[in-house]
Structures are given as C-alpha cells and as structure tokens.
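1. have a look; sequence and predicted model below, questions after that.
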Amino acid sequence: MVHFMDIEKNKNQDEMLLLVADLNRKLEQIEQGGGEKRIAKQHAKGKMTARERIDYLLDPGTERMEIGAFAGYEMFEEYGGCPSAGVVVVIGYVSGHQCIVVANDATVKAGAWFPITAKKNLRAQEISIENRLPIIYLVDSAGVFLPLQDEVFPDKEHFGRIFRNNAVMSSMGIPQIAAIMGSCVAGGAYLPIMSDESIIVEGTGSIFLAGPYLVKAAIGEEADLETLGGAVAQTDVSGDVDYRVKSDEEALDLIKELMSKRGSREKAGFDRVKPALPGLNPAEVTAAFPVSRIKPYSMEEVLRHIVDDSKLTFYKKTYGKTIICAYARIDGWAVGIVANDRRVVKNGKGEMQFGGVIYSDSADKAARFVMICNQKKLPIIFFHDVAGFMVGTRSENGGIIKDGAKMVNAVSNSTVPKISIVMGNSYGAGNYAMCGKAYDPRIIVGWPTARIAVMGGEQAAKVLTQIQVASLKAKGDPPDKEAEQALFKKIKDRYDHQTSPYYAAARLWVDAIIDPRDTRKVISMSIEAANHAPVRPFKTGVIQT
C-alpha cells in the first residue's frame, strides 16, 4: 500500500528535479559565453577560453564551486547581454591548495568590464580577503565597457577598488598571481602588476596604459602593440612582468608550480572529524522540501538529509519553535545551525504560532545561540525559509522590535564564519536576521526555490493595488473590478519576477543557485575556505533585554 506521505514526497521530488533541470539548462547556455563563433575565434588565436583555462589549472578530480555564474543574467540586453558578467570565478584547488580563480571571458565583449563585472570581481576579492584564500587572475580583457563607463569607473565600489584591494591583500599576505593571457589595457594594467607575481604569454598577451590608437591620438607617436606592451617589451625591457611563456598551457603550468611552493599559514582551527554520510539519503533532500509555498514540511527532516549521521543536538528545542537551533556536523565539520521552521506550532503558553515567522521567543533563542556558537568557535549555517517577523498589536506590545534587534545585533557582530542557504522565502527583516547578503555571510547560495524580497508577490501586489486604487478614487476616477484585477496581476507578475532566485543571482544578492543535493559540498568547501583565516574575538554593542 502506498502511503499518502510517500506520494507527496514523490511529487516534491519531481517538482524540485524539474527546477534543477531548468537550472542546469540555463547554466549550459551561460557556459557558452559569447557563443560558438567567438569561442572558435579565441581558439584560432591559439588561446583557450576562460573555462578551458580554469579546467586545465584546477587539480583533476577535485571539488569546485563557481561563484556568480548567473551574474548579469538577463541584464544589459540592449548591448547584447553579458553572460556570467564576462568573468568566470571559481573556488577550487591548485597544487593541493584551495584558492579562488578569476578568469576574464574574452568571448563576451572582448572581456570588457560592465558594472556587474566590477561587482563580481570585487566579490571574488572579498571572498579572498575574508578567508585569506590565494587568488589567481587569468587576465584577458579590453578594459572598461565605455558606453557604461559612468557606472563602472568613479565610485567607491567600482573599477578602481580592485587595485586598492590588490594593495591591501598583498599587505595581508594573501598570495596573488596574475597571468596576462590576452589584452590588459588602461587602468586594468595595474591588476597584474600589483599582484605578487605576474606572467605574460608571448604573441597573445599585452599590457599597457594606452594602446597604439590612443598613443597616436594623445602624443602623436606611432607604435605597434608588441613594442608598446608585448611580452618581450614588458619582461626584457621594462621588467614590469616577472615571467614570459610561450602558450596558455605553459602559463597555467607555471601557476601550478608557483602554487606548489607555499608555506603553511595560521588557521582558525575549526573542529573536523572523519566525515559521515547522513543517515537519511542526502540525494532525497529534494523530496523533503516542497516547491509549493503552502505545503507543510519538516525542516528537521530536511536537515537530517544534510548533516552527518542525521544527528542533531537541539538547543532549547521546546522554546521558540519557529526557529530551530542545533549543533551538528556537516562533512565532518562541527557547526551551529539556525533554521526557520514553517510548521504551525504551539508555544509554551499554548498559543498558535505561524510557521516561517520569527516571534519574540524565537528571536531571543536564536540570538543567544549565535552568541554561544561564537564562544565555541563554531561556524553558523543559516537555512532560510522566513516570511519575516510577527506583526500585530500583541507582538508590538510584547517587544518584537526589541527582540528582533537583539537577533540582528548578534548576527551582525558574529565573527565566526556565517554561511547562508536560502531554501525558500527570505522576506523582509527576516532576511536580515537570518544573515542575508547585507550581513556578510562568507558564502550565500539559493536553491531553485529561493525567493528574496521585502514580502511575497501576493502580499506586495495587494498592498500596492490598494494604494493605487485609493489614489484613483481620491481623483474621482475609481477603477472597476476588472481593471482592479488587471492592475493586481500586473503588479504581482512584476514582483514575482523580481523575487525569483535568478533575478537575485544576476545581481549577486546570492553567490550561486545550487542543486539542493550539493548543499553539503557547498557548506564543507565554504568552511574549509574560512578555516584559512583566524577568527576575531566576538563582542556585541548595546542590546536591550
């Protein structure tokens, strides 16, 4: 006899796997970069593509995690699009050392920098800085995309911040290696020269502040590309570049050699034992979590598909039930877990509490748990499926703002690594309390079911429709029911589009959209990266009690 719950789980799994298949189709398209013709043109010059370079560089058979694959998705379409922001960023292993690789994709507008390209490069450097990860730049870029220069060049978080970070990272002792494998022009020329070591490929690599045309226009001098900034000129004559090689392969082999000769550094010392698989099949996590926003599910069961031996040690299990706080191991790493629970429950007073909503007791519990994890030096994993904080007279009079602020304070000041997994909803201040992008998670990823916004599309559309209808009535032009419904649908459709995980990933609100079955890998690689950086002492500011 087939049990009803088994049927529901089969439906959950089918629906999730359809979303994963759609995710993979989108990724396959993005991985084509500028398309087959431009890839062929790159090969005709004797050059690998950005992804081919990364594949060659990384240790065979090792895990990797791509950051920002969807950056620029469905953006800048008036300029022909900007797949993956024209730059590929991957956390992986080179000569046994975990590092971050940043490779310009010259098949996308010759590797030119769009606004989102700058944001993605800065995110790569941020990950390197926070985790003390070595960073490797594979440079092949025409520089700033001139039609959008005002959105790329002058501000604090724009192009120039890259070179400021080069200097800061070097002072911190973070290894930086740059290979000039194509164009490297204007301000972009500072990046490889401000790296610790630089390599240039003969015949295809060039680096200069101004190319032949600009030199001619500026000072009237005629000079060819090789004389200005080719491999021989920049190694034998200027001495700007440290190594000259004859091919992409030789450059990448040299990077492997340089990476193989590194001393060990101080680490954070996060606890790890021999990993164990979950007792519940980790591949069946897709069956435990429903795609539908209205279906009930057990967050505890979802977690048992992710943690080692499916073992959870709960903190204050019977108090503040709309947030689960627990200790566990994931791929051997000891962690603290803070997870929203969407089930409707009764609190200690026998009152009903809506699932996925943060109440005062839940916020109080989570704030204290975050503090304890910092005292124990445990990385914290946040699993988001939150509608926000509870509203209404009872909650306001009960101090929900004070208790929410307590949780936000603890998360803000937490110094142990924070890793966020947006599984479902991540709405309003709940996003903040659960360590959304503004709260410096070391890594933040979303499942294909993720939604990030001030509130859900349905609620937002109702509010905005009411406001617009009231405005029209005040002007003496009230809409009929059909017009009101059309207005509601228009607003809801726009809002739903803006809350999708792809919209968020395009703007780097999340670092990646992942197959839920890869959650353990992402968490483990993120903690391994974080283990390279010592943890600062934890302290909070003023907290109302």
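-> Received, thanks.
2. so where is the stretch 251-400 of the chain shaky, pLDDT-wise?
-> Per-residue confidence for the stretch 251-400 of the chain (pLDDT under 70) gives no ranges below the cut-off.
3. residue 22: what secondary structure?
-> helix (DSSP: H, G, I helix; E, B strand; the rest coil).
4. wait, what's in contact with the residue lying closest to it once chain neighbours are set aside?
-> Spatially, and ignoring its direct neighbours in sequence, residue 22 is nearest to residue 448 (7.2 Å; Cβ to Cβ, 6 or more residues apart in numbering). In short, each C-beta sits where N, CA and C put it, glycine included. Each residue near residue 448 by Cβ atoms under 8 Å, 6 or more residues apart in numbering is listed here: 16, 19, 20, 22, 23, 501, 513, 516.
5. distance check, residue 448 against residue 70.
-> 11 Å (Cβ to Cβ, to the nearest Å).
6. overlap in contacts of the two?
-> Common neighbours of residue 448 and residue 70 (criterion: Cβ under 8 Å, 6+ apart): residue 513.
7. quick one: the residue nearest to residue 22 from residue 355, how far?
-> 21 Å.
8. is residue 465 in contact with residue 487, as I believe?
-> Yes - applying Cβ atoms under 8 Å, one finds residue 465 in contact with residue 487, separated by 5.5 Å.
9. my read is residue 328 is in a strand, agree?
-> Yes - inclusion of residue 328 in a strand is indicated when three-state DSSP is applied.
10. that one and residue 312 touch, don't they?
-> Yes - counting by Cβ under 8 Å, residue 328 touches residue 312, with 5.2 Å between them.
11. neighbour-wise, which of these two wins?
-> Neighbours were counted for residue 328 and for residue 312 using other Cβ atoms under 10 Å; residue 328 has more, 23 against 20.
12. what sits against that one?
-> Contacts of residue 328 by Cβ under 8 Å, 6+ apart are 303, 307, 308, 311, 312, 313, 334, 335, 337.
13. check the residues you listed and tell me the two furthest apart.
-> 303 and 334 (14.9 Å; Cβ to Cβ).
14. pick out whichever of those two has more residues nearby.
-> Using other Cβ under 10 Å as the criterion, residue 303 and residue 334 rank with residue 303 on top: 24 against 19.
15. surely the more buried one is in contact with residue 381?
-> No - the pair formed by residue 303 and residue 381 falls short of the contact definition of Cβ under 8 Å, at 9.4 Å.
16. what do these two both touch?
-> Counting by Cβ under 8 Å, 6+ apart, the contacts common to residue 303 and residue 381 are residue 337.
17. residue contacts, residue 347?
-> Contacts of residue 347 (Cβ under 8 Å, 6+ apart): 319, 320, 321, 353, 359, 361.
18. how far away is the fifth one from residue 216?
-> Residue 359 sits 69 Å away from residue 216, going by Cβ to Cβ.
19. hang on, the earlier thing: among the contacts of residue 347, which are in helices?
-> residue 361 (DSSP state H).
20. isn't residue 49 up against residue 105?
-> Yes - applying Cβ under 8 Å, one finds residue 49 in contact with residue 105, separated by 7.0 Å.
21. of the two, which one has the most company?
-> residue 105 (29 against 23).
22. burial measure for the closest residue to that one other than its chain neighbours, as a count.
-> In space, residue 105 comes closest to residue 50 once its chain neighbours are excluded; the distance is 4.2 Å by Cβ to Cβ, 6+ apart. Neighbourhood size, residue 50 [other Cβ under 10 Å]: 30.
23. per-residue pLDDT, residue 50?
-> On pLDDT, residue 50 comes in at 98.
24. which residues touch it?
-> 33, 87, 88, 103, 104, 105, 106, 107, 138, 140.
25. go ahead and confirm the second one touches residue 121.
-> Yes - A contact is recorded between residue 87 and residue 121 when judged using Cβ under 8 Å, the distance being 6.3 Å.
26. common neighbours of these two, please.
-> Here residue 87 and residue 121 share the contacting residues residue 102, scored by Cβ under 8 Å, 6+ apart.
27. so between the two, which is more surrounded?
-> residue 87 (28 against 23).
28. quick check: that one vs residue 107, distance?
-> Taking Cβ to Cβ, one finds residue 87 at 11 Å from residue 107.
29. what does residue 182 give?
-> According to Cβ to Cβ, residue 182 and residue 107 sit 11 Å apart.
30. for stretch 194-214, C-alpha coordinates in CSV please.
-> Below are the C-alpha coordinates for stretch 194-214, written out as CSV (Å, rounded to 0.1, in the frame of the first residue of the first chain):
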residue,chain,number,x,y,z
MET,A,194,50.1,45.0,-8.3
SER,A,195,49.8,41.2,-7.9
ASP,A,196,52.7,39.4,-6.2
GLU,A,197,53.8,37.6,-9.3
SER,A,198,52.9,38.1,-13.0
ILE,A,199,53.2,36.0,-16.1
ILE,A,200,52.7,37.0,-19.8
VAL,A,201,52.1,34.8,-22.9
GLU,A,202,54.1,35.7,-26.0
GLY,A,203,52.2,36.6,-29.0
THR,A,204,48.8,37.0,-27.3
GLY,A,205,49.5,38.8,-24.0
SER,A,206,49.9,42.5,-24.0
ILE,A,207,49.8,45.1,-21.2
PHE,A,208,50.0,48.9,-21.4
LEU,A,209,48.2,52.0,-20.1
ALA,A,210,47.4,53.2,-23.6
GLY,A,211,47.1,51.2,-26.9
PRO,A,212,48.5,52.3,-30.3
TYR,A,213,45.5,54.3,-31.3
LEU,A,214,45.3,56.2,-28.0
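31. could you give the average pLDDT over it?
-> 90.
32. swap in stretch 232-242?
-> Stretch 232-242 comes out at a mean pLDDT of 93.
33. endpoints of it, how far apart?
-> One end of stretch 232-242 to the other measures 11 Å (Cα to Cα, to the nearest Å).
34. then stretch 63-78?
-> So stretch 63-78: terminal residues 36 Å apart, Cα to Cα.
35. with stretch 191-198 instead?
-> End-to-end for stretch 191-198, by Cα to Cα: 10 Å.
36. same question for stretch 37-53.
-> End-to-end for stretch 37-53, by Cα to Cα: 18 Å.
37. pull out the buried residues from it.
-> For stretch 37-53, burial by neighbour count (16 or more other Cβ atoms under 10 Å) applies to 38, 39, 42, 47, 48, 49, 50, 51, 52, 53.
38. ditto for stretch 439-455
-> When burial is assessed from 16+ other Cβ under 10 Å, stretch 439-455 yields the following buried residues: 439, 441-453, 455.
39. quick one, phi/psi of the residue of the chain positioned farthest from its centre?
-> The C-alpha centroid of the chain is most remote from residue 476, which lies 48.1 Å away (Cα atoms, centre = their mean). Main-chain torsions, residue 476, degrees, to the nearest 10: phi 80, psi 20.
40. what of the one 4 residues further on?
-> The phi and psi values for residue 480, taken as degrees, to the nearest 10, are phi -80, psi 170.
41. likewise for the one 5 residues further on?
-> In terms of degrees, to the nearest 10, the main-chain angles of residue 485 are phi -70, psi -40.
42. need the contact list for it.
-> Contacts of residue 485 (Cβ under 8 Å, 6+ apart): none.
43. look up how far residue 461 lies from it.
-> In terms of Cβ to Cβ, residue 485 sits 11 Å off from residue 461.
44. now swap in residue 355 and tell me
-> From residue 355 over to residue 461 (counting by Cβ to Cβ), the distance is 22 Å.
45. for residue 48, same thing?
-> In terms of Cβ to Cβ, residue 48 sits 48 Å off from residue 461.
46. do the same with residue 330
-> Using Cβ to Cβ, residue 330 is found at 38 Å from residue 461.
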